[in-house]
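Chemist: predicted coordinates and the sequence they were generated for:
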Amino acid sequence: DVIGPELAEDLSFLQDKQPPFSMREARRAVEAALGGRLEDHFTSFGSPIAAASIAQVHKATVREADGTERAVAVKILRPGIERRFRRDLDSYYFAARMIERFHKPSRRLRPVAVVDTLKRTTELEMDLRLEAAAISEMAENIRDDTGLESGNFRVPRVDWLRTSQRVMTLEWIEGIPIWDHERLESAGIDRKALGLVVLRSFLRHAMRDGFFHADMHPGNLFVDDEGNLVAVDFGIMGRLGPKERRFLAEI
């Protein structure tokens with residue numbers, strides 16, 4: 001409604017459809033982050049299955065202590081992303097300062113402050129340990145939520161043994177992307193009910209816990225085999241204090 005369907009469709013390619021970096025670079029990144037050889041950590045390691053602007057995801061398997069194997073998702077930051085981001089950020093600051101200096105009507109929008117917010121948010125996204133911590137915190141918050149009235153919402157488990165600043169390993173989520181309406185309907189999933197689950201989950205996390213997923217676009221939401229809504233990509237989170245939550249509840 002704000003930007004129109006054509007631009008919205010173009011922006012959707014930033015979600016998980018960017019060109020991936022090579023398997024050689026992925027191997028180098030994992031070995032630098034976790035130490036040793038890639039095979040020391042994973043029994044198999046597949047090609048990238050999703051690539052976004054900051055990181056890409058691979059499907060892999062790990063061997064448990066009892067000898068069984070389980071599937072995991074391995075998120076790896078793009079090589080050199082920090083340097084590229086700093087370069088882009090310089091141009092954003094230049095443009096924001098020029099706008100504030102020469103276009104008075106735009107000053108009320110505080111373009112430099114907007115870039116400051118982008119800088120802080122993206123710096124947090126580029127430390128995957130913070131994302132893993134956010135997942136663990138939300139898992140603790142929703143631990144006792146059960147049933148449809150509680151949202152049927154869950155988060156993937158973090159594999160802390162294989163997680164570092166530039167590499168994060170999570171439980172593999174087998175599910176239907178929420179944007180794939182045909183598969184949802186073929187699976188007999190009520191999309192209207194699912195929409196309520198999305199809304200109720202977000203509001204419950206924001207209003208009850210004061211801690212919520214702040215990037216719930218369709219590329220980050222799945223429906224698993226049990227009909228649960230599963231969120232991924234916790235790089236951008238939001239917090240609300242008691243005063244803000246009370247104010248929102250009152251309105």
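Modeler: Cool, got the structure.
Chemist: show me which residues of the lengthiest helix in the chain are buried.
Modeler: For the chain, the helix with the greatest residue count under DSSP state H is helix 81-102. Buried residues in helix 81-102, counting neighbours by 16 or more other Cβ atoms under 10 Å, are found at Ile81, Phe85, Leu89, Tyr92, Tyr93, Ala96, Ile99, Glu100. Where C-beta positions appear, they are placed from N, C-alpha and C, glycine not excepted.
Chemist: identify all contacting residues around stretch 24-32.
Modeler: Here stretch 24-32 makes contact (Cβ atoms under 8 Å, 6 or more residues apart in numbering) with 37-38, 41-42, 45, 48, 56, 58, 74, 76-77, 79, 166-167.
Chemist: among those, which are in strands?
Modeler: Applying DSSP state E to the contacts of stretch 24-32, the entries found in strands are Phe45, Pro48, Gln56, His58, Val74, Ile76, Leu77, Val167.
Chemist: contacting residues around Ala73?
Modeler: By Cβ under 8 Å, 6+ apart, the neighbours of Ala73 are Val57, His58, Lys59, Ala60, Pro156, Thr169, Leu170, Glu171, Trp172, Ile173, Val232.
Chemist: who does the third one bridge with?
Modeler: Think Lys59. Ala73 (DSSP bridges).
Chemist: not counting its neighbours along the chain, what's nearest Met168?
Modeler: Nearest residue to Met168 in three dimensions, chain neighbours excluded: Leu128, at 3.9 Å (Cβ to Cβ, 6 or more residues apart in numbering).
Chemist: residues contacting the one you found?
Modeler: Ala55, Lys75, Leu77, Thr163, Ser164, Gln165, Arg166, Val167, Met168.
Chemist: now the buried members of the contacts of Ala73.
Modeler: Buried among the contacts of Ala73 by 16+ other Cβ under 10 Å: Val57, His58, Lys59, Ala60, Pro156, Thr169, Leu170, Glu171, Trp172, Ile173, Val232.
Chemist: tell me the confidence at the third one?
Modeler: Lys59 carries a pLDDT value of 97.
Chemist: wait, it sits on Gly46?
Modeler: Yes - if you go by Cβ atoms under 8 Å, Lys59 and Gly46 touch, sitting 4.6 Å apart.
Chemist: can you find the helix or strand of this protein with the lowest average pLDDT?
Modeler: When each helix and strand of the chain is scored by mean pLDDT, DSSP states H and E, helix 13-16 comes last, with a mean of 67.
Chemist: list the buried residues for stretch 23-30?
Modeler: Within stretch 23-30, the residues scored as buried using 16+ other Cβ under 10 Å are Ala26, Ala29, Val30.
Chemist: which ones among the residues you listed lie within helices?
Modeler: In this view, the buried residues of stretch 23-30 that belong to helices under DSSP H are Ala26, Ala29, Val30.
Chemist: count of neighbours near Glu9?
Modeler: By the criterion of other Cβ atoms under 10 Å, Glu9 has 9 neighbours.
Chemist: can you check Ala55 too?
Modeler: Other residues near Ala55 come to 26 when the count uses other Cβ under 10 Å.
Chemist: ditto for Ile49
Modeler: As a burial measure, Ile49 scores 12 neighbours (other Cβ under 10 Å).
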